[in-house]
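J.: Return a 3D structure for these sequence lines:
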Amino acid sequence: MTALGTNIPLYDLHVHLRGGMTVEKAVARQEESGIMRGVLRNIGTGWPIETDEQLAEFLDGVAGFPVLVGLQVNDRDWHLKHSPELLGRLDFVLADTMIMAMPDDDAPPTKLWMPELYTIDDPEAWMRRYMQHNLRILAEPISIFANPTYLPEAVKHLYDELWTDQRMAEIIQRAVAEGIALEIQATSEYPHDRFIGMAKDMGAVFSLGTNNFDDIPIDMKRCHDVVARFGLRAGDLYRPSRGPLGRGKALS
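T.: Below you'll find the model as predicted:
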């Protein structure tokens, strides 16, 4: 399937094998829709994959299926603690900013989507820390920066105040310099249009994804709409190519 009104092929590079979603179902939906799927699992302490043995089991389990294969990385030292040979079998690596040390840099990692676990008493001070958290992740050898400009519930109403043009530009510049795609997610409000427009003007590459929690099909209308409204072309969209730590390239 191509994006509405274009001849651009679509890739859904955020398909979790969880909640009843299997690689076999991903293949079936790929064949029905023509949308290429990238399947992944989460890796990190307390996540489905913690060890190289579990990583190898995952990779072996999807080997031979006509899908792209990736990981969502949740520990910041993932690229140091896992086998380069196993990581080299990946098509892409995806990371977001939704796990962050709270209330300070010396505290344990906290899931920002669980507001009962923390408070943000000074939004601007927190945002300065959060910017550094974003930039640390963009310094990792990832392929896709998922859900860019995400804000937790406590401060999401301050989006335009906290995500200044200067901060957005710094994130985009780092992504462009590192060859990292910025995700447009079908089920998320992030990033807002201001960021997308700025990113396009600055030469960023975009990735599309659904981020499922179960096996119920997800409408990619938001992805279609962004492609159409911003006039994205094949060269603006990311396509994985197997290589060191899942680096990829734009569609050609």
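J.: got the CA coordinates for the longest helix along the chain in PDB?
T.: Using DSSP state H, we find that the single longest helix of the chain is helix 123-138. Taking C-alpha atoms only, helix 123-138 is exported to PDB below (Å, rounded to 0.1, in the frame of the first residue of the first chain):
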ATOM      1  CA  PRO A 123       8.600  22.100  34.800                       C
ATOM      2  CA  GLU A 124      11.400  24.300  33.400                       C
ATOM      3  CA  ALA A 125      14.000  22.700  35.500                       C
ATOM      4  CA  TRP A 126      12.600  19.300  34.600                       C
ATOM      5  CA  MET A 127      12.700  20.200  30.900                       C
ATOM      6  CA  ARG A 128      16.400  21.100  31.100                       C
ATOM      7  CA  ARG A 129      17.100  17.600  32.400                       C
ATOM      8  CA  TYR A 130      14.700  16.100  29.900                       C
ATOM      9  CA  MET A 131      16.600  17.700  27.000                       C
ATOM     10  CA  GLN A 132      19.800  16.100  28.200                       C
ATOM     11  CA  HIS A 133      18.000  12.800  28.400                       C
ATOM     12  CA  ASN A 134      16.800  13.200  24.800                       C
ATOM     13  CA  LEU A 135      20.300  14.100  23.600                       C
ATOM     14  CA  ARG A 136      21.900  11.100  25.400                       C
ATOM     15  CA  ILE A 137      19.500   8.800  23.700                       C
ATOM     16  CA  LEU A 138      20.200  10.400  20.300                       C
END
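J.: need the helices for the stretch 101-250 of the chain, in chain order.
T.: Along the stretch 101-250 of the chain, counting by DSSP state H, counting those that start in this stretch, helices occupy 123-138, 159-162, 165-178, 193-201, 221-229.
J.: Return the set of buried residues in the third one.
T.: Along helix 165-178, these residues count as buried under the neighbour rule (16 or more other C-beta atoms under 10 Å): 167-168, 171-172, 174-175. Placement of C-beta: from N, CA and C, glycine included.
J.: between that helix and helix 123-138, what angle do the directions make?
T.: Helix 165-178 runs at 10 degrees relative to helix 123-138, counting by axes from the mean of the first three to the mean of the last three C-alpha atoms, to 10 degrees.
J.: and for helix 165-178, what are the contacting residues?
T.: 127, 131, 134-135, 138-139, 145, 148-149, 180-182, 194-195, 198-199, 202-205 (C-beta atoms under 8 Å, 6 or more residues apart in numbering).
J.: swap in the first one?
T.: Contact with helix 123-138 is made by 76, 95-97, 100-101, 104-105, 120, 145, 154-155, 158, 161-162, 167, 170-171, 174-175, 178, 180, as judged by C-beta under 8 Å, 6+ apart.
J.: The same query, at a cut-off of 7 Å, please.
T.: When contacts are taken as C-beta atoms under 7 Å, 6 or more residues apart in numbering, the neighbours of helix 123-138 outside the stretch itself are 76, 95, 97, 100, 105, 120, 145, 155, 158, 162, 167, 171, 174-175, 178, 180.
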